[in-house]
Structures are given as structure tokens and as C-alpha cells.
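> I would like to see how this sequence folds:
(chains A, B, C and D)
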2 protein chains.
Amino acid sequence: MPGTKVRGSKTGKPIMALLDLLGRTWSLGIIWHLNTAPATFRELQDRCEQISPSLLNTRLKELKSLSIITTNEQGYTLTEQGRHLFDIISPLGQWSKSWAQQIINTEHNKTIDKTIKNTMDSKQ
Amino acid sequence: MPGTKVRGSKTGKPIMALLDLLGRTWSLGIIWHLNTAPATFRELQDRCEQISPSLLNTRLKELKSLSIITTNEQGYTLTEQGRHLFDIISPLGQWSKSWAQQIINTEHNKTIDKTIKNTMDSKQ
DNA sequence: CACATTGCTACAATTTTAGTAGCACTAAAA
DNA sequence: TTTTAGTGCTACTAAAATTGTAGCAATGTG
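The predicted structure follows:
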């Protein structure tokens, strides 16, 4: 809860509470996968590929008690706030792509460098 | 690494790799606190209030190997990509405030409701 | 040389998460 | 009415992650 002492912060600043929450395994993933559409418990389990039911349940309770998700006839859904939160983190999708690309290039360069080095070594 | 199988995903989609990374304890916090200014190891330890040196070291290595942070004369710093990542999550600061406010109001309303209920009960 | 600071490493204790099994409930089919 | 299938979980143990504390090696400073 914001205002209350949180794991990693004695101050209880909202941002610390939020970073603590989002920093827990699967929090971000659940929000991410719930944006597509509301989902039942098991549907959500599938979307998250590997989450264990006990943890999923724990996270759902946390997120629900903090008004980020809610339940209705369709199952679990983002609240309006939750959707706003998703909007904020949504650009991560694009960012992750260019990030991945750059890392791959870096790795590739390393390989090239090594090849060059080997070639040079063999010529000495 | 994006492209490689990650905790929580067999597909290795960049976004999954990223959510996995950011979902680890203190990843977000480190990025957040590093945006203020570059920091030495111990300075960063202080900013994060409660992180243990072993974990901080682990995270720094991860973030560094993934080109999100780097080291220079000033200590640890966000890379250009890291800064861009921060820019994306930066609105979380503002969001967390209104979120906290709303939760507090909700709690407050509960109290009010209870007070009203008690009053009504006592008048019966 | 003593002393302080920095960037860590080591390691046991504790907490968190994964993985698996299965129960209670509901609804439809046989 | 019994079976079957699906859903929302709970229980439990093993494995992994995190904390908390101590301290070492390297670098500088008086």
C-alpha cells in the first residue's frame, strides 16, 4: 500500500510502493496480458505461459486490492486506472524490439571481432 | 537475453525478456534511481535504501550486460538506451501519486461507510 | 604507516516462486 | 441421475531468489 512501509522503502512514497509492486514476479506480465482482453483465471494462466496458480492467485489479489484490476462477468479485467497504467508501459513493446535488435548486433560484432582477431592471430 | 528462452516464456519475445528483467526485484528501482545522476556502488546502495550488496551487484551486471547501464569515471550510469527506457517509465511517478490518492480515498470512504453504518445501527 | 573509502564477495537465514496434485463448485451432456 | 468437462482456486514441497551481515582487496590520504 502506498503510504505504508514497503519492501525496499521506509518512506512509503507512492513510487516506491509502485516499483515494489511492479518489481514482483509476473506483476507486469499480468497487466500486460490482461490488456488484450479480460480473461478467466485459466485463460490468464495460459497467456502467462508458466505462472503457477498459487502465484497467479496471489498477484491477482494484490492487484485487485490495489484497484489495478477487478473482476466482472468476463473474468479479470483492468480497471480504468489499470488501463492507464498499461498505456504508460505500453511503449515498452516497441522499445524492447529495438533493444533486442541492438543487443543482437552487439553480439554479432563481438563475433566479427573475434573472427578478425583469430584471422589476424593466424597470420602472425 | 531477448531471443533466448526466459523465465516465464518459451518464445523469447523481446517484450517477454524485458518484462522478465524488469520484473526482478530492484531492476526498476535501480533504473529509477540511476536517472537522477550517475552513482557509485555505495551511493546507489543508499539510494535504494535496502538493497543488499550481493543483489545490487547481480542486477548491475545484468543491466550492464544488456546495455541498459554502463560504467564510467562517475560510476554507474544509464546508457542512452537506458535513458530512453527511463523516459518511458518516467510517467509512473505521476501515475503513482494519483493512484495512491485514489486508494486512500477508497479506504477513507470505507471508514465513512462504516461510520454511517454504525450511526444508522445505533439509531435503530 | 595508520586510516578511510570503495567495490565488491561469501555465506547462512529467510522469503519467494515454481511445479504438481487435487478439491469444490457449476453446467451441460449422456 | 450419473458422467464429463471446465473453472477458480488451495495445499504442499522443492528450488530459486533475496536479505542481512561480515569482511577482504584495492585505492587513495594524512
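
> Find the helix or strand that A:D20 is a member of.
Element membership for A:D20 (DSSP states H and E) is helix A:14-22.

> And the next helix or strand after that helix, what does it pack against?
Using DSSP H and E, the helix or strand that follows helix A:14-22 in sequence is helix A:27-36. In terms of contacts (3 or more Cβ pairs under 8 Å, 6 or more residues apart in numbering or on different chains; DSSP states H and E), helix A:27-36 is packed against helix A:41-47, helix A:53-65, strand A:69-72, strand A:75-78, helix A:80-89, helix B:14-22. Any C-beta I mention is one placed from the backbone N, CA and C, and that applies to glycine too.

> Can you tell me which of those is most buried?
Of all the helices and strands packed on helix A:27-36, helix B:14-22 carries the top mean neighbour count, a mean of 23, counting by mean count of other Cβ atoms under 10 Å in any protein chain shown.

> quick one: it to chain centroid distance?
Computed by Cα atoms, centre = their mean, to the nearest Å, the chain-centroid distance of helix B:14-22 equals 13 Å.

> And for stretch A:88-107?
Distance, centroid of stretch A:88-107 to centroid of chain: 14 Å (Cα atoms, centre = their mean).

> Switch the helices and strands packed on helix A:27-36 over to a markdown table; also include mean pLDDT and distance to B:G93.
Formatted as a markdown table, these follow (pLDDT from 0 to 100; distance: least, Cβ to Cβ, whole Å):
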| stretch | mean pLDDT | distance to B:G93 |
| --- | --- | --- |
| helix A:41-47 | 95 | 28 |
| helix A:53-65 | 97 | 20 |
| strand A:69-72 | 95 | 21 |
| strand A:75-78 | 96 | 20 |
| helix A:80-89 | 97 | 10 |
| helix B:14-22 | 91 | 16 |
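
> Nearest to DNA strand C, out of those?
With respect to DNA strand C, and counting by Cβ to the nearest atom of the strand, the nearest of the helices and strands packed on helix A:27-36 is helix A:53-65 at 3.9 Å.

> ok, is the closest one in contact with DNA strand D or not?
Yes: Helix A:53-65 lies within reach of DNA strand D by Cβ under 7 Å from any atom of the strand, at A:53-54, A:57, A:60.

> mind putting the helices and strands packed on helix A:27-36 in a markdown table, distance to B:W99 included?
Converted to a markdown table, the helices and strands packed on helix A:27-36 look like this (distance: least, Cβ to Cβ, whole Å):
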| stretch | distance to B:W99 |
| --- | --- |
| helix A:41-47 | 22 |
| helix A:53-65 | 12 |
| strand A:69-72 | 13 |
| strand A:75-78 | 13 |
| helix A:80-89 | 6 |
| helix B:14-22 | 18 |
